[in-house]
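Engineer: below are the sequence and a predicted model; questions follow.
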Amino acid sequence: MDVSELLVDGFERVHEEVQAAVQGLSGPLMIARLDPDANSIAWLVWHLARVQDDHIAGVAGFEQAWTGQGWAERFGLPFPVGDIGYGHGPEDVGAVRIEDPELLLGYADAVHRQTVKWVSGLRPADLDRIVDENWDPPVTLGVRLISVLSDDLEHAGQAAYVRGILERSAMKEINDR
């Protein structure tokens, strides 16, 4: 397995987890929060897709799907177009009222396709390229890609966990009637 195959596999795993967390979910469950300070599934998946879109486009040198493919307009969120969710507090999370799973999955799919297409062409030597000199030591492409994968998998897992709790609660409510 070469480096591009390894990266494609990693991003495919993110894609699969996002699909499993969102597919077939009802609108109210998309924006439900386990408590007022918790993240919703909609926010978690929007954020992980925004991070991937922003960071991959940044190191690849192409336009983000968010702006280049019109997703920002379709979502109509009350944030600056460059917002990726970093530093969002409870009020910001609550403002991500995406109740359409197909809209959210459409954006995640667009980001995934763009990412996989680009990482498919990477070679081992590419991973040593410095992509961010604001850190000591400077961040290489390899480190940035692993950071994106790690963040995305963490948030996809959180979304799956929230879905499980919400579905279990809904079933308990039905059974208690």
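Structural biologist: Happy to help now that I have it. Residues are numbered from 1 along each chain as shown.

Engineer: C-alpha from now on. contacts and neighbour counts both.
Structural biologist: Noted.

Engineer: in a strand, W135, correct?
Structural biologist: No. Read with DSSP: H, G, I helix; E, B strand; the rest coil, W135 is coil and lies in no strand.

Engineer: residues in contact with the residue lying closest to V148 once chain neighbours are set aside?
Structural biologist: Distances taken as C-alpha to C-alpha, 6 or more residues apart in numbering place Q52 nearest to V148, at 6.1 Å, with adjacent residues excluded. By C-alpha atoms under 8 Å, 6 or more residues apart in numbering, the residues touching Q52 are V111, T115, V148, D152.

Engineer: next secondary structure after the helix or strand hosting Q52?
Structural biologist: Using DSSP states H and E, Q52 sits in helix 41-60. Going down the chain from helix 41-60, the next helix or strand is helix 65-68, by DSSP H and E.

Engineer: ok, and what's touching the helix or strand just after that following helix?
Structural biologist: Note on helix 65-68: by DSSP H and E, the next helix or strand toward the C-terminus is helix 71-75. The contact list for helix 71-75, computed with C-alpha under 8 Å, 6+ apart, reads A65, W66, V81, I98, L103, Y107.
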